[in-house]
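# Requesting a structural model of the entry that follows:
(one chain, ligands or ions: 1)
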Amino acid sequence: MANIPEELLEKAISDEHINCIDYNKFTDPIVIGIGGFGKVLKYEWRDSGLTVALKYLKVDTSIDESIIKDFINEV
Ligand SMILES: Nc1ncnc2c1ncn2[C@@H]1O[C@H](COP(=O)(O)OP(=O)(O)OP(=O)(O)O)[C@@H](O)[C@H]1O
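Numbers count the residues shown, from 1 in each chain. Reported below is the predicted structural model:
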């Protein structure tokens, strides 16, 4: 069966709408908020010297396709 959420995210990455960065580049997580899609954490981005906010999107096969599209549009 097709995994629509995964396909939508992979297409956004291959279209270069979303930048894909290895998760292990981010260290020292601290929860800073909760948004419409889930938790938001502050991280240190190793090698870049930047402090960033990462938004989590809980993806499973039951998630509504429109939620994935909204998330992709927001980022
Ligand atoms: N770049 C950021 N720097 C600091 N805090 C942030 C940042 N982004 C989000 N937050 C924190 O995380 C919370 C949730 O952020 P988020 O943007 O996900 O939520 P929202 O705009 O309220 O809802 P939605 O996800 O529906 O757009 C914010 O209220 C804020 O406290």
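# how about the residues of the chain near the ligand?
32, 33, 34, 35, 36, 37, 40, 53, 55 (Cβ under 6 Å from any ligand atom). C-beta: built from backbone N, CA, C; applies to glycine.
# so the second one touches residue 42, yeah?
Which is residue 33. No - in terms of Cβ atoms under 8 Å, residue 33 does not count as a neighbour of residue 42; the distance is 9.2 Å.
# more neighbours, the two?
Comparing residue 33 with residue 42 by neighbour count (other Cβ atoms under 10 Å), the higher total belongs to residue 42, at 15 against 10.
# Can you list the strands that the helix or strand where the more buried one lies pairs with?
Element membership of residue 42 [criterion: DSSP states H and E] is strand 39-45. Strand 39-45 has its sheet partners listed here by DSSP bridges as strand 26-34 (antiparallel), strand 50-55 (antiparallel).
# Quick one, which of those strands gets closest to residue 17.
Ranking the strands paired with strand 39-45 by their distance to residue 17 (criterion: Cβ to Cβ) puts strand 50-55 first, at 15.2 Å.
# Would you pull up how far the closest one lies from the middle of the chain?
Averaging C-alpha positions (Cα atoms, centre = their mean, to the nearest Å) puts strand 50-55 11 Å from its chain's average.
# same deal with stretch 35-52?
Relative to its parent chain, stretch 35-52 has a centroid offset of 10 Å by Cα atoms, centre = their mean.
# Show me the contact partners of that stretch.
Judged by Cβ atoms under 8 Å, 6 or more residues apart in numbering, the contacts made with stretch 35-52 from elsewhere in the structure are 21, 25-34, 53-58, 67, 71, 74.
# Pull out the CA atoms of it and give them to me as PDB.
The C-alpha coordinates for stretch 35-52 follow below in PDB (Å, rounded to 0.1, in the frame of the first residue of the first chain):
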ATOM      1  CA  GLY A  35       2.200  24.200  18.200                       C
ATOM      2  CA  GLY A  36      -0.500  22.900  16.000                       C
ATOM      3  CA  PHE A  37       1.600  20.100  14.600                       C
ATOM      4  CA  GLY A  38       3.400  19.000  17.800                       C
ATOM      5  CA  LYS A  39       6.400  19.900  19.900                       C
ATOM      6  CA  VAL A  40       8.900  22.600  19.100                       C
ATOM      7  CA  LEU A  41      12.500  22.200  20.500                       C
ATOM      8  CA  LYS A  42      15.500  24.400  20.600                       C
ATOM      9  CA  TYR A  43      18.700  22.700  19.300                       C
ATOM     10  CA  GLU A  44      22.300  23.600  18.600                       C
ATOM     11  CA  TRP A  45      23.100  22.900  15.000                       C
ATOM     12  CA  ARG A  46      26.600  21.300  15.000                       C
ATOM     13  CA  ASP A  47      29.200  22.700  12.600                       C
ATOM     14  CA  SER A  48      27.000  25.700  11.700                       C
ATOM     15  CA  GLY A  49      27.200  27.500  15.100                       C
ATOM     16  CA  LEU A  50      23.500  28.300  14.900                       C
ATOM     17  CA  THR A  51      20.800  27.800  17.500                       C
ATOM     18  CA  VAL A  52      17.600  26.700  15.800                       C
END
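# Kind regards, and thank you for your time.
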